[in-house]
Structure formats: structure tokens, C-alpha cells
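In: next come a sequence and a model predicted from it.
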Amino acid sequence: MIRHHLSDALLTGYSAGTLPEAFNLLVATHVSMCDECRVRLQAQDAVGGALLEDSAVMAMADGALAATLARIGDDAPETPAPRPASPGIFPAPLQDYVGGDSDAVAWRSVGGGVRQAILTQAPGSSARLLYIPPGTAVPDHGHHGTELTLVLQGAFHDETDHFGRGDVEIADEALEHTPVADTGSACICLAVTDAPLRFNGLIPRLLQPFLKI
Amino acid sequence: MTRDDESLRYAKLMQAVARDADKAAFAALFTHFAPRVKAFLIKSGATPAMAEDCVQDVMATVWRKARMFDPSRASVATWIFTIARNRRIDLLRRDRRPEPEELPWGPEPEPDQLDTLVMQQESERLGDALARLPEDQRALIERAYFGDLSHSQIAAATGLPLGTIKSRIRLALEKLRQHMT
């Protein structure tokens, strides 16, 4: 049962197509797992549709319809291909980035048994997978921007709450937290940020260039 | 003709394209939607020449993907908006935007006529609610959708009553899930 969902602002930004890539990846992955957010996203799309319907019009050039019909040619509309649900713990959009499921991840150790794999990195945002062994803590850190964490396997808790598979933690600049994986099974998360993290201890700060986060 | 009839009419035109490859139905959709998609692209920062070409591409996609349109889950305007938005991201070299997993498709279920009717009516109501918003609030929504606001600025940008349309979408998804199992 998913208890922690995406915010309206994230769903609106995703619907409008204005989020940074890493955030788009997290939203697409969560929506693949969460029918409630799929419903909310489609409602945001409906707002986009209402805007389109109600917006000003700009006349098309003469012959635009004919040119479009020429692009279509004699082809009838396509028959949708049946698409089976993807097996494994990663939904399809995440599998596209990894090149497979959790067994295909190119993990790198970042110390303390914690492993990570960077999926995409741009000036505006980055996305990485985190592997946290059972009962292990991720170094205490704050954020310059927003950090979103989506649980894909296992669970973690921090000062704010408990997060299981499908849950999203939305952490803003004000939150300094120490996520700890539940005992029992390792926790795998997709973590995205729109600014570098800010670690509090000296050692994690020295590690930051190597962590590339 | 009331607005209710209008939304339903476009849904039926789409179904004529999907079922019968009806080019007259497509032409009617083109006449209504192409100038709107063009205005949307230009407001989002495309030049008129880029927009003209991109609209043709969007409308050709509307034809090709017509069988993916489900009138019990969305209005034609909403469906075309999602296609235009995706093309705009490519066009303006915006950040890559992966899509959620599609719900698996079984053999095409024929959408329920009553569900279609109600969804089209709800889409009209949402349009009415948008039209009634105070100007500054509407402007904020436009800026969010035309790409002027970052996600941290959007916060409570919408302020539209989405409860009813959400329950219709939820019902349609539940039916789709039942159909799959």
C-alpha cells in the first residue's frame, strides 16, 4: 500500500513537460506503480486539454491539411501492440535507463556497504540508484534544492516517517535527515536531486566529489 | 449546439478515424485542433515556421495513433494536448521525459457509451471551470503549461476542481484493470 505520493506541483510540472529529466524519470516510475497518481496525472493532463481547447487559435498556412494528409499517405491507423507488464522490481521507464532490472545495475561502492549507480546527470538534475544494506544508514545530509527518493525494494525510515515500496519522500532544503534501511532486506531507491546534496560530516563531505552527488 | 455535444462530437470523429480510417472526420478534427496546437506551440516559444511543421507532425500522429484514444478516459483535446506536449519537448530540446508504463492492453475493449458520454461532459465542465477562473489564476495555469514556471514555482498553481474528473478517470482505470485480469 503506497502512502507517500507525488505532490500536485510535480504532477503539474510533469504534465506540462517542464521538469528536469531526473524528476521526469522518478515521476514516470512512480506513476507506473501507483494508480492513484496515474489518475491525478491524467486529471492534470485534462487541465492541459482544457487550456488547449480554450486557447487562442492561430491560422494554419494554406494547404496544411493537404500536406498532413500527404504525410499520412494511404496508411490506416496503427493497431496497438499488446504490451505485457514488465517483470521484475523496476517499472519499464526505469528499466530503459538501467538496461534491465535490478540485476543489471552497474553498482559502485560508496563505503559502509552502501552502493550507488548514477543514471543521468545534467547541470539541472541528477538521478541515481541507491542500494542500502539492511539496517544501514545513509550519511546524514541536507539539500540545496529538492531531493526525491522513491523506494523500489525494501523500506527505510528517517526522522519524518517510514517509506516502503512505491513511497516517495519529498525532501526540501529545510530537511536534514538520516535515512536508515529496515532490517530484513536491502533497500533499493531511486534518488533524484535538482542541486548537489550537502553532507554534514567531514568524511562524507570529502567523499562528495567521488560520490558525484 | 451546447458545449457538451461538441466534446462528444470530437470523440465520435476520433472513433470514425480509428475504426474506418475516415479522412473527412480527420479533416474536421484538423480544422478545429490544428490552429489551437499551433497557438500552443508558439506560446511555448516555437517560431511560426517550426510550429507549422510541428502541427502537421502532431496531427499525423493523431491519425496514426487514433486507436490508442479512449473516449472513456480523456477528451480529444486532452489526448491531443499530450501528443503536442511531447513533440514540443523534442522541438525545443527540453529535458528528456520518459513515459509511465502503459497499462497492458488486452484485446481492445469497446469503450462503454455511458462512460464516454460522462467523461466528455466532465471535460466540458472542467473547461467551464477554467473559463470562470479569475484572470490572474488562469494566467498562472497558462504559464505552468506553456513552460514559463519551474516546478518549485508551480506549487498551488491549479486551484481547479478536479475531484469529479478524477473519479471518472479512476473508474475507467479500474474497468481497464478488471478487463485485463
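Out: In hand now; what should we look at? Numbers count the residues shown, from 1 in each chain, chains lettered A, B, ... in the order given.

In: which residues does the residue nearest the centre of chain A contact?
Out: Nearest to the geometric centre of chain A sits A:L26, at 0.8 Å (Cα atoms, centre = their mean). Applying Cβ atoms under 8 Å, 6 or more residues apart in numbering or on different chains, we find A:L26 in contact with A:A127, A:L148, A:L150, A:V168, A:L190, A:V192. Just so you know, the C-beta spots here come from the backbone N, C-alpha and C atoms, and that holds for glycine as well.

In: what about the single nearest residue of chain B relative to chain A, how many neighbours?
Out: Closest contact between chain B and chain A, by Cβ to the nearest Cβ, is at B:T78 (2.9 Å). The burial metric for B:T78, expressed as a neighbour count using other Cβ atoms under 10 Å in any protein chain shown, is 27.

In: that one contacts A:A46, correct?
Out: Yes. Because the distance of 4.9 Å satisfies Cβ atoms under 8 Å, B:T78 is recorded as touching A:A46.

In: spit out the residues that contact those two alike.
Out: Counting by Cβ under 8 Å, 6+ apart, the common neighbours of B:T78 and A:A46 are B:S123.

In: count the residues that sit near B:R93.
Out: A count of nearby residues for B:R93, using other Cβ under 10 Å, gives 7.

In: picking that back up, helix or strand: which one has the residue nearest to the centre of chain A?
Out: In this assignment (DSSP states H and E), A:L26 forms part of helix A:21-33.

In: state the mean pLDDT of that helix.
Out: Here the mean pLDDT over helix A:21-33 is 96, rounded to a whole number.

In: likewise for stretch A:128-137?
Out: In this model, stretch A:128-137 carries a mean pLDDT of 95.

In: cool, stretch A:106-117 as well?
Out: For stretch A:106-117, mean pLDDT is 92.

In: any weak-confidence spans in chain A?
Out: Counting by pLDDT under 70, chain A contains low-confidence residues at A:83-85, A:140-143, A:196-213.

In: mind checking the longest helix of it?
Out: Looking across chain A with DSSP state H, the single longest helix is helix A:35-54.

In: and it, how far out from the chain middle?
Out: Remark: helix A:35-54 is offset 19 Å from the chain centroid, using Cα atoms, centre = their mean, to the nearest Å.

In: what are the C-alpha coordinates of it, in CSV please?
Out: The C-alpha trace of helix A:35-54 is given here as CSV (Å, rounded to 0.1, in the frame of the first residue of the first chain):
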residue,chain,number,x,y,z
ASP,A,35,-2.8,4.1,-9.9
GLU,A,36,-3.8,6.9,-7.6
CYS,A,37,-1.1,9.2,-9.1
ARG,A,38,-1.9,7.9,-12.6
VAL,A,39,-5.4,9.2,-12.0
ARG,A,40,-4.1,12.5,-10.7
LEU,A,41,-1.7,12.8,-13.6
GLN,A,42,-4.5,12.2,-16.1
ALA,A,43,-6.5,14.9,-14.4
GLN,A,44,-3.6,17.3,-14.8
ASP,A,45,-3.4,16.3,-18.5
ALA,A,46,-7.1,17.2,-18.7
VAL,A,47,-6.3,20.7,-17.5
GLY,A,48,-3.8,20.9,-20.3
GLY,A,49,-6.5,19.7,-22.7
ALA,A,50,-9.0,22.3,-21.4
LEU,A,51,-6.3,25.0,-21.9
LEU,A,52,-5.7,23.9,-25.4
GLU,A,53,-9.4,23.8,-26.2
ASP,A,54,-10.0,27.2,-24.7
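
In: that one and chain B, are they touching?
Out: Yes. Applying Cβ under 8 Å from any Cβ of the partner chain, one finds helix A:35-54 in contact with chain B at A:35, A:38-54.

In: mind listing what's buried in that helix?
Out: Neighbour-count burial for helix A:35-54, with 16 or more other Cβ atoms under 10 Å in any protein chain shown as criterion, is recorded at A:35, A:37-54.

In: same deal with stretch B:170-178?
Out: Neighbour counts over stretch B:170-178 (16+ other Cβ under 10 Å) mark B:R170, B:L171, B:A172, B:L173, B:K175, B:L176 as buried.

In: among the residues you listed, name the ones in strands.
Out: Taking DSSP state E as the definition of strands, the buried residues of stretch B:170-178 contribute nothing to them.
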